[in-house]
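A.B. asks: Next come a sequence and a model predicted from it.
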Amino acid sequence: MAIVHDSSAVTVRKHQRSRPLFARLLSDYGQECVIVAAILLLLLIVGLYNPRFLSASNLNTIFAGNAYIAVAAIGMAMVIITGHIDVSVGALIGVLATISGTLAVSGYPVWVAWGAPVVLGMAVNCVVGWLVAYARIPSIVVTLGMMSILRGGLISITGGTWISGLPKEFMIAQWKPFGLPFPIIAMVVLTLIAAWWMRNFPFGRSLYAVGGNPEAARATGISSERRVLAVFVIHGAFAGIATILFATQLQVIQSTVPPNLELTIITAAVIGGVSILGGSGTVIGSTLAAILFATIGSALIFVNVSAYWLRAVIGGLILITVLADMIRRRPKK
Amino acid sequence: MPLRHLLRHETILAFVAILLLVLLAFQSSQFFTGANLLNQGRLMTEVGLVAIIMTFVIITGGIDLSVGSILGLTAILTGVFWQNLGLPLVAAAGLAVAVGTFCGFVNGFVITRFGVPPLIATLATLALYRGLAEGISQARSVRGYPDWFYVLGQGNVLGVPTQLWILIAFAILASVLLAATRIGRSIYAIGANEVAAFFSGLPVNRTKIAVYTASGFAAALAGVIFVSRVSTTRSDMGTGLELDAITAVVLGGTSIYGGRGSVIGTLIGLVVIQSLKNGLSLAGVKAEGTAVLIGLMLIGAILITTLLNKRRA
């Protein structure tokens, strides 16, 4: 309530006039509601077709097993909201997972093995962010180059071997406080913190300004360079946390780049309602979209569609979402 | 002024290329042999075809990330049309190239009609086309093509690899088209200032659709040549091709912001990259190590041009 001196009668009338919670949810979080409905519908239909789809172990695989994608998509959503993109994040997670696993098996304390990917992720993306923000090289070029460097470097150094014999205390993704898998807790907590920060804090809100209209942002005194650099560094931290969840969920780590990971992460952000033109979207949407993908991937297997079609389905989904986004934003004549 | 700058960039790059060739010749006796050089030309053709049209795309201010996937889809379709549908191989390859060209048209259509940024549109179709290739092939490869088909990818005509002739013809045609025709001038105009080009009465959308369609065609042609060269089809063919092509284009002096660039620059860029790859592999560096170098070159080349431009401005 902006107006404080309102008499109570006016306030009451205002309250009556204000839209009900449900309508407000729909208009502020339209895309998010659609995704939740899609997830529920998918769970229901495939669950009726094959009840094993709704078994605790399968749901655990879907939600906990893909939480790292949702966490990485939070950072990606921020990058896209500021009007940039990062195609190197998959390669980065591959490199960080290898480093983290190697530290863990070499007898370093687990906090070093957990901390290293976060710190290194921020360091690498600091370089990327500098090249994008200050050297003014388009983010697609910088991150394409970085992807090649990271992927090539990783494979030529490790040869794509498996890291096994990970210590038990390292496996944080298998930890279940209060009976809930840790990745799910991490995903929910990080999403809520990031969403709250972007909605209520000046710095978080300024990201929308930078992505929506860089000129206007500059005119109002927002330094877009510093915002962009900061966003890439934050994105690096989220990639680091995603790495920890990813690297500790199985007993072994393969020191290669998970195929198409960057595409899945970008898609999650875009389908989650983050506008590809920058300037709008929420990280709640990106997390929900990551869950939706995981559900689709699992559902395809349960209805006996070959997993080889998964990428075509995802590609088609991105294209449709992007087209819908453009049509929705088209100026009305 | 832009022309002089362009010439300067290309002269410097040509100088670098010659220096590199001389260095590599001294470093390994196998490098500067006719057989090796022609073989490098053979290996360069697929990226070359794609990079030449990628030059057009980038000059219009766009980008096409889906070329590697179009190559993969065309390769798979060639095999499937021939083996599963029983079409004659020429018809199968022709039909596959037609589909690949159509894929490029879809890119152009989505970009112009819906105003989707080229980066996002082709990122989506990168996933879609590769996904179709994977889904159609179900990870099965097609082998056992008739011998005459291998002439395209493994044979020689007048002592020069067959596909190198195609690349040369393609390069000459593209250079002339870009430098000396109205279409070429409109491509530069669109990249330099799309709004101004539109109000000057240039067919902006039609030109852009044509450029992306040509990009699909080049990738599809490269796909058929690829199949003929390696004697098999697999759905992961051409993965990362877009990166190699973009690197060659950018290294060749084409501005990633559009409006400036040339086919000759791209060709010199290709030669530099291919000789580096070859030189490194002769020196015992694995292909993955070369990927690191290509990534560094891509960022380095743009960083240097950007810094130089900043100084001039």
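C.D. replies: Sure thing, it's come through. Numbers count the residues shown, from 1 in each chain, chains lettered A, B, ... in the order given.

A.B. asks: At which residues are the strands of the chain located?
C.D. replies: I went with chain A, as the question did not name one. For chain A, applying DSSP state E gives strands covering A:162-163, A:253-254.

A.B. asks: wrong one, I was asking about chain B
C.D. replies: Using DSSP E, the strands of chain B run over residues B:156-157, B:160-161.

A.B. asks: coming back round to it: for the strands of chain A, please prepare JSON lines with the additional fields distance to chain B, mean pLDDT and mean neighbour count.
C.D. replies: Quick note: C-beta positions are derived from backbone N, CA and C, even for glycine. Putting those into JSON lines (distance: least, Cβ to the nearest Cβ, whole Å; pLDDT from 0 to 100; neighbours: other Cβ atoms under 10 Å in any protein chain shown) gives the following:
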{"stretch": "strand A:162-163", "distance to chain B": "17", "mean pLDDT": "83", "mean neighbour count": "16"}
{"stretch": "strand A:253-254", "distance to chain B": "15", "mean pLDDT": "80", "mean neighbour count": "20"}
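
A.B. asks: could I get those strands as JSON lines with distance to residue A:115?
C.D. replies: Rendered in JSON lines, the data for the strands of chain A read as follows (distance: least, Cβ to Cβ, whole Å):
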{"stretch": "strand A:162-163", "distance to residue A:115": "18"}
{"stretch": "strand A:253-254", "distance to residue A:115": "17"}
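
A.B. asks: Name the stretch among the strands of chain B that sits most buried.
C.D. replies: Burial among these, expressed as mean neighbours by mean count of other Cβ atoms under 10 Å in any protein chain shown, is greatest for strand B:160-161, which shows a mean of 18.

A.B. asks: ok, and what's touching that strand?
C.D. replies: By Cβ atoms under 8 Å, 6 or more residues apart in numbering or on different chains, the residues outside strand B:160-161 that reach it are B:38-39, B:41-42, B:45, B:155.

A.B. asks: mean confidence score for that strand?
C.D. replies: On average, the pLDDT along strand B:160-161 is 82.

A.B. asks: What strands line up against that strand, and which way round?
C.D. replies: Strands flanking strand B:160-161 in the sheet, each with its direction: strand B:156-157 (antiparallel) (DSSP bridges).

A.B. asks: what comes into contact with the strand it pairs with?
C.D. replies: For strand B:156-157, the external contacting residues (Cβ under 8 Å, 6+ apart) are B:162, B:165.

A.B. asks: Chain A: which of the contacts of strand B:160-161 is nearest?
C.D. replies: When the contacts of strand B:160-161 are compared for distance to chain A (Cβ to the nearest Cβ), residue B:45 comes out closest, at 21.1 Å.

A.B. asks: in stretch A:195-210, what's buried?
C.D. replies: Under the neighbour-count criterion of 16 or more other Cβ atoms under 10 Å in any protein chain shown, stretch A:195-210 has A:195, A:197-198, A:204, A:206-210 buried.

A.B. asks: Return the distance of it from the chain's centre.
C.D. replies: 17 Å (Cα atoms, centre = their mean, to the nearest Å).

A.B. asks: contact partners of that stretch?
C.D. replies: The contact list for stretch A:195-210 (Cβ under 8 Å, 6+ apart) reads A:78, A:81-83, A:216-217, A:220, A:222, A:224, A:227-228, A:230-231, A:278-280, A:282-284.

A.B. asks: Could you list which residues are in contact with the nearest residue to residue A:97 once chain neighbours are set aside?
C.D. replies: With Cβ to Cβ, 6 or more residues apart in numbering or on different chains as the criterion, residue A:97 has its nearest non-adjacent residue at 4.1 Å, and that residue is residue A:247. Taking Cβ under 8 Å, 6+ apart, we find residue A:247 in contact with A:96-97, A:100-101, A:117, A:253.

A.B. asks: if you set the cut-off to 7 Å instead, what comes out?
C.D. replies: Listed by Cβ atoms under 7 Å, 6 or more residues apart in numbering or on different chains, the contact partners of residue A:247 are A:97, A:100-101, A:253.

A.B. asks: sorry, back to before: nearest to residue B:302, out of the strands of chain B?
C.D. replies: strand B:160-161 (31.7 Å; Cβ to Cβ).

A.B. asks: Check what pLDDT the residue in the stretch 1-150 of chain A that chain B sits nearest to gets.
C.D. replies: In the stretch 1-150 of chain A, no residue comes nearer to chain B than residue A:148, which is 3.3 Å away by Cβ to the nearest Cβ. At residue A:148, the pLDDT value in this model is 88.

A.B. asks: thought it was touching residue B:243?
C.D. replies: Yes - between residue A:148 and residue B:243 a contact is recorded at 5.7 Å, counting by Cβ atoms under 7 Å.

A.B. asks: can I assume residue A:257 is in contact with residue A:88?
C.D. replies: No - judged on Cβ under 7 Å, residue A:257 makes no contact with residue A:88 at a distance of 9.8 Å.

A.B. asks: Count the neighbours of residue A:182 for me.
C.D. replies: Other residues lying near residue A:182 total 20 when counted by other Cβ atoms under 10 Å in any protein chain shown.

A.B. asks: returning to that earlier point: contacting residues for the nearest residue in space to the residue of the stretch 1-150 of chain A closest to chain B that is not next to it in sequence?
C.D. replies: On the basis of Cβ to Cβ, 6+ apart, the spatially nearest residue to residue A:148 that is not a chain neighbour turns out to be residue B:295, at 3.3 Å. In this structure, residue B:295 makes contact with A:145-146, A:148-149, A:152, judged by Cβ under 7 Å, 6+ apart.
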